[in-house]
Each structure stands twice: as C-alpha cells, then as structure tokens.
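**Q** Sequence and computational prediction follow.
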Amino acid sequence: MTLWREDEFEVMAQHRRGDPVHVIGSVWAPNSILAGFYAATTYDEQRWHTLYAIKRSQKIPVIIDGRTLIGEERV
Amino acid sequence: MEQAPVGVRPALLTLSRLKYLIGEQLVKVGPVAPDLAAAIASVAVAQTNYGQARYFYNWYTGESRAADTELKVDESWNKETTLLNFNKWATWPHLITVMWLVDEAILTLIHDWSREDPALKPNLEKVREELTQALPFTTEWVRIFLQDGRGVGRASAAVAAQLGPLLTQFLMNAGAMAYLPEFQDRWTRVVGGDISWR
C-alpha cells in the first residue's frame, strides 16, 4: 500500500553546453525535491552539463499530433 | 594522508563506523524502499556512505588507504551499533530517519570544527558537500512520514526521540557548541511531529 501520492517527472538532459536537450527518461516521486534527487541518482551514468526534472502534468501542450492548440480552449 | 589532530580523532572513528553501519543497512533495506527510484537512490547513497566511512577512517589513522579488514564490525563497535540500534529499527522509515539525524549531526560537527579551527575546513569540505546534497532525500522522506501521522510518522518520531539525545551527547563530547542548539531544535521538532522547517 502506498501512503503517499506520486507524480511522474520527465528527466531531460544536455551532455555538453550547446548540445540539444533530450528526454532521457522519467522518475516517479512524491514531490519535486525528491524528483530532483532521484533524477540525479537514477541517471548518473555520465556527467551531464544540464539535467532537468519536469512534472509531466505541468507541461503545456502547444502542438499535439500535428495540431496547434494555441487559441483552443484546453480542458 | 596527514593524520587528523588528536582532539578530533575519537570522533572521526565514531563517524567512520556510523557511516559504515548506515551503508550496510542501506544495502539491506534500500531495495525494499517504497518505490523503485527510492531503492536506486538508496544504493547510490550507500556507496557515498561507504566512501565517507573510509575517508573518516583514513583521516583518523593518517593512512591513505585503509585495509578492508579494518572496517569489520566486531565487539569494539558496540558503542556505534548500540547507538544506531538497527536490530530494533529494521524498516525503511527507521533507517531513513536515522540517516537524516546522523547526517544532520555530522554537518553540525563539521560546521563547528571548521569554525573553531579553519585548518580543518579543507579536509571536511568534500564530505560537507556530499552530506548537503544527500540531505534533501532523507529530509523529504522524514517530512512525508510525519505527514502520514499514522504508524510511520510515529516510528520516525520515536527514532528522533531516542537517537536525538544520544547524538547531542556525542556532539557535545566532540566539541560541537555553536550549532548544537540548531541540531537539538531539529530533532525535537520531529519528535513533536513538526515538519514546518526547510
């Protein structure tokens, strides 16, 4: 039984300054502080220049399946 | 490696053993953490704890590399094994609370030692940095346990109630003074279920 709610955080990384930022995986965590810690310990196979953890539910959809959502009402 | 000053050696031996015992417990209990990411983090943190145990021991002896046999738990470790009480506290919430409290205590000691004798600071900087980076892991979990308010919350508070005074005594014996009230404030708040601090 899980006593705490968890959210999915996408983990994005940049190898060197100027490289593209890629999604390298995701972690589930009860909060953003733990998500950051988990991202660092789970994806520590190399030294990153930049590493982000972004809460999936807080991503803003702009274009989905080729369709631009700007100006559309989001539910 | 240059041997640590006489005054800090006894505390370094204790720190080395506490870190080693926590590392061992993390390897045993970490895999049954509540989720996969926490289990992976536990293994990574265990490695760091072993590294810190070895570092404190090497500085204590003045050797650059301790033999593996020198970090073997025997009856001479009774003080540390009794302090951590892992036979009684075998679950993940217990372990995380113990680790949080021990890391807070070591950071308190590092701050006090560095303040009293700036010459010690360079030897303590890397460990201080590692402890500071690992602290959010344990702090956030202790906060989650206490928020639960049921069994795990009570278990976490019980660890703080038992281990807090013992670590306070250890810190006083090791010469920590300036930051000691802050440490005491932290664990007494956890005993009372107060999680408002950041």
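**A** Structure received.
**Q** Tell me if stretch A:38-55 is near chain B.
**A** Yes - Stretch A:38-55 lies within reach of chain B by Cβ under 8 Å from any Cβ of the partner chain, at A:38, A:41, A:42, A:44. In short, each C-beta sits where N, CA and C put it, glycine included.
**Q** per-residue confidence at the residue most central in space within chain A?
**A** Centroid-nearest residue in chain A: residue A:10, 2.2 Å away (criterion: Cα atoms, centre = their mean). pLDDT recorded at residue A:10 is 97.
**Q** you'd agree it is up against residue A:54?
**A** Yes - if you go by Cβ atoms under 8 Å, residue A:10 and residue A:54 touch, sitting 5.1 Å apart.
**Q** Can you check which residues contact both of the two?
**A** With contacts taken as Cβ atoms under 8 Å, 6 or more residues apart in numbering or on different chains, residue A:10 and residue A:54 have no neighbour in common.
**Q** All the helices of chain B, residue numbers only.
**A** B:9-29, B:36-61, B:78-84, B:92-116, B:121-148, B:151-173, B:180-191 (DSSP state H).
**Q** Can you point out the buried residues in the second one?
**A** Neighbour counts over helix B:36-61 (16 or more other Cβ atoms under 10 Å in any protein chain shown) mark B:37-38, B:40-42, B:44-46, B:48-50, B:52-61 as buried.
**Q** What residues does chain B have near chain A?
**A** Within chain B, the positions near chain A by Cβ under 8 Å from any Cβ are B:34-38, B:40-41, B:44-45, B:136-137, B:140-141, B:144, B:147-148, B:150, B:152.
**Q** Mind doing that once more with 7 Å?
**A** Taking Cβ under 7 Å from any Cβ of the partner chain as the contact definition, chain B meets chain A at B:34, B:35, B:37, B:40, B:41, B:44, B:136, B:137, B:140, B:144, B:148, B:152.
**Q** Show the pLDDT at the first one.
**A** The one in question is residue B:34. The score at residue B:34 is 86. That number is its pLDDT.
**Q** That one: how many residues sit nearby?
**A** The local packing of residue B:34 (other Cβ atoms under 10 Å in any protein chain shown) involves 18 other residues.
**Q** Starting from residue B:141, give me the distance back to it.
**A** 9 Å (Cβ to Cβ, to the nearest Å).
**Q** Likewise for the last one?
**A** Residue B:152 is 10 Å from residue B:141, where distance means Cβ to Cβ.
**Q** try residue A:34
**A** Computed as Cβ to Cβ, the residue A:34 to residue B:141 distance reads 8 Å.
**Q** can you check residue B:174 too?
**A** Distance, residue B:174 to residue B:141, using Cβ to Cβ: 26 Å.
**Q** Any stretches of chain A with poor pLDDT?
**A** The model of chain A has pLDDT under 70 over residues A:1-4, A:73-75.
**Q** Try it again at 80.
**A** Under the criterion pLDDT under 80, the flagged ranges of chain A are A:1-4, A:72-75.
**Q** quick one: contacts for the nearest residue to residue B:193 once chain neighbours are set aside?
**A** Nearest residue to residue B:193, sequence neighbours excluded (Cβ to Cβ, 6 or more residues apart in numbering or on different chains): residue B:146, at 5.3 Å. Contact analysis of residue B:146 by Cβ atoms under 7 Å, 6 or more residues apart in numbering or on different chains lists B:153, B:156, B:157, B:190, B:193, B:195.
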